[in-house]
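K.L.:
Sequence first, then the predicted structure:
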Protein chains: 2
Amino acid sequence: MRISILGGAGFIGRKLAARLASEGTLGGREITALTLFDVAAAPRPEAKFPVHVVVGDLVDLPKEAIPDETDIVFHMAAVVSAAAEADYDLGWRVNLHGTEAVVHACRRLSRPPRVVFTSSIATFSGGQNAVLTDDSRQIPTGSYGAQKAAAELVLADASRRGFLDVVSLRLPTIIVRPGRPNKAASSFISAIIREPLLGLPTELPVPEGFAVWVGSTRRVVEWLLHAAAMDTKPLGLDRSINLPGISVTVAKMLEALDAVKPGASALVKRVEDPVIAAIVSEWPAAFEPVRARAFGFAPHEPLIDVVRAFVEDDLEATRRERGLA
Amino acid sequence: MRISILGGAGFIGRKLAARLASEGTLGGREITALTLFDVAAAPRPEAKFPVHVVVGDLVDLPKEAIPDETDIVFHMAAVVSAAAEADYDLGWRVNLHGTEAVVHACRRLSRPPRVVFTSSIATFSGGQNAVLTDDSRQIPTGSYGAQKAAAELVLADASRRGFLDVVSLRLPTIIVRPGRPNKAASSFISAIIREPLLGLPTELPVPEGFAVWVGSTRRVVEWLLHAAAMDTKPLGLDRSINLPGISVTVAKMLEALDAVKPGASALVKRVEDPVIAAIVSEWPAAFEPVRARAFGFAPHEPLIDVVRAFVEDDLEATRRERGLA
């Protein structure tokens, strides 16, 4: 089985590549080759099968990014939300036209590959009081969400036509992201756990009762693997999945943090930021993902496990990367 | 007030141009110039203001198609449903990238114009038993619907950013189309009224109980004019409107036909066509368009008026065009 990861140098792309390399199989089938494509060279994990690193522009997708006889394409290459909002042309170019380039690449293969696409809950609106069902419609509040929703339509139509076989996963806000705090409005959602675990102070721009729809790094990788191997026939024309994330308040997150590292939440300083609060208040805080459960997507682990997993998987690497060792 | 009609040579484009030319005003403001853009030269209606006819490709939209200081753009240029299904690349090129070209043209104007976009109920599915509400989500069953839904997202985002001010109208199946029967799956919906009125036999591929969501030619023109002049602030982020068409069965259409021309329905021969029936069975047959009414879109006239209007407005021209005079 041949696999390509578009966006292989990203946070989740690297996690997924490492997982595939260590397992050596996907859905019970042996992996024979892995291609990691991104705008910068992805790190090459140690594996028993050949790993090809390809660098390029998604819109001018090089043939080697999706070699012939590729069975599975993880399409995660994207301009992220804050960048897509800051640069209108760049966002539509990469997130929509880049997805069209993926369709064209799949069409010229000798058989249609499974494509696992990472869409986003940013395709929805609704805010704090919304509980979105599988039938809720997408009214994005930003360019990133509009681009992801349009890309879902492009991929679903290509799938219906038999050029590829898509599963689009509408990812929740992922916690706990490693790295540094950044200008993304969602930055604080990971920072309020990561920074105190590093012994660093951080700011909370929203009230503690504020709720977010989240999915853990480990769980997202599991969902991607499940989407790659699942039977897609029962999906019908609706190729997009709202995932079984969890709706958590900031207060619950700080509670989980303190359970793992007592007193750590004292490093989280309340500094209300109406600009950030206004942006994140538009995101839906809860879903009822009935279809995802029916299609076998694993339920989410408790919040405390998410904090522990970050400590196990990412804390030391983050410390080293940031020169805090 | 300067107006451009993209798709000005089409059936509705010509009706709209003729109406604007005869009224001389729109929303109480005087029209000072009208531009008709299409792939072929649009007929030039007689008007008190200058009418410019521009020919070109929507994707390489010439500057003259939307001159500076244009106040209103009617964007109706499209590859129609059967053609978009027959030619994947052409459909996405014109219906999606062509719409992006319209956005880019509007961005370079000195002020953002109102854009009235003709989307379609083909962006939905649901079939005979569905009654779609304003909150129903779009799961298109064909490429045309996917392209129109994606174009709605592109335009809504451009509108949110202030490049233009869009109202997207999801048009019902329009009756009564002039011209000839064609290979479109929906062809029979107009043909079962038009052909008998011309004294010609025609075939009905579905049972008489089959229901369709329709809008008359006259009403569609009214809705387009209303969308051009309405206050868009109350629309919020949701720039798309399900219109107050009517859900009618074939039996009711034949009844209205006979009321206008007694015995005419005898020319309609029942020849069930499972291929056509399968396609049209996926289209939603009824809507509850609450928002459209709240925003002042006129309710639909009774079916018998639609048949009479075709006789008044289009029957003689159709007869001449088809050499039946």
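P.N.:
Sure, I can see it.

K.L.:
Helix or strand: which one has the closest residue to residue A:271 other than its chain neighbours?
P.N.:
Nearest-residue entry for residue A:271: residue A:203, 4.4 Å, with adjacent residues in sequence omitted and distances by Cβ to Cβ, 6 or more residues apart in numbering or on different chains. Heads up, the C-betas are built off the backbone N, CA and C, glycines and all. Counting by DSSP states H and E, the element that carries residue A:203 is strand A:202-204.

K.L.:
Contacts for that strand next, please.
P.N.:
By Cβ atoms under 8 Å, 6 or more residues apart in numbering or on different chains, the residues outside strand A:202-204 that reach it are A:181, A:188, A:191-192, A:195-196, A:250, A:267-271, A:273.

K.L.:
Can you flag the buried ones in those residues?
P.N.:
A:181, A:188, A:191-192, A:195-196, A:250, A:267-268 (16 or more other Cβ atoms under 10 Å in any protein chain shown).

K.L.:
Quick check: the gap between the residue located most distally from the centre of chain A and chain B.
P.N.:
Going by Cα atoms, centre = their mean, the residue of chain A most distant from its centre is residue A:263, 30.2 Å out. For residue A:263, the distance to chain B equals 42 Å [Cβ to the nearest Cβ, to the nearest Å].

K.L.:
Equivalent analysis for residue A:210, please.
P.N.:
From residue A:210 to chain B the distance is 21 Å (Cβ to the nearest Cβ).

K.L.:
With residue A:130 instead?
P.N.:
For residue A:130, the distance to chain B - Cβ to the nearest Cβ - is 12 Å.

K.L.:
tally of neighbours for that residue?
P.N.:
17 (other Cβ atoms under 10 Å in any protein chain shown).

K.L.:
Show the residue spans covered by the helices in chain A.
P.N.:
A:11-23, A:81-86, A:88-92, A:98-107, A:143-160, A:187-197, A:217-229, A:250-260, A:274-280, A:290-294, A:303-313, A:315-321 (DSSP state H).

K.L.:
Make a markdown table out of those and add distance to chain B.
P.N.:
Below are the helices of chain A laid out as a markdown table (distance: least, Cβ to the nearest Cβ, whole Å):
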| stretch | distance to chain B |
| --- | --- |
| helix A:11-23 | 24 |
| helix A:81-86 | 9 |
| helix A:88-92 | 6 |
| helix A:98-107 | 7 |
| helix A:143-160 | 4 |
| helix A:187-197 | 23 |
| helix A:217-229 | 19 |
| helix A:250-260 | 26 |
| helix A:274-280 | 13 |
| helix A:290-294 | 13 |
| helix A:303-313 | 30 |
| helix A:315-321 | 34 |
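
K.L.:
Please identify the most buried of these.
P.N.:
helix A:143-160 (a mean of 26; mean count of other Cβ atoms under 10 Å in any protein chain shown).

K.L.:
What is that one packed up against?
P.N.:
Counting contacts by 3 or more Cβ pairs under 8 Å, 6 or more residues apart in numbering or on different chains; DSSP states H and E, helix A:143-160 is packed against helix A:81-86, helix A:88-92, helix A:98-107, strand A:114-120, strand A:165-171, helix B:143-160.

K.L.:
Excluding its own residues, what touches the second one? List them.
P.N.:
In this case it means helix A:88-92. So helix A:88-92 is in contact with A:79, A:83-85, A:143-144, A:147, B:100, B:154, B:161, going by Cβ under 8 Å, 6+ apart.

K.L.:
Throw these into a markdown table and include distance to residue B:20, thanks.
P.N.:
What follows is the contacts of helix A:88-92, written out as a markdown table (distance: Cβ to Cβ, whole Å):
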| residue | distance to residue B:20 |
| --- | --- |
| A:79 | 41 |
| A:83 | 42 |
| A:84 | 38 |
| A:85 | 37 |
| A:143 | 33 |
| A:144 | 38 |
| A:147 | 35 |
| B:100 | 26 |
| B:154 | 26 |
| B:161 | 28 |
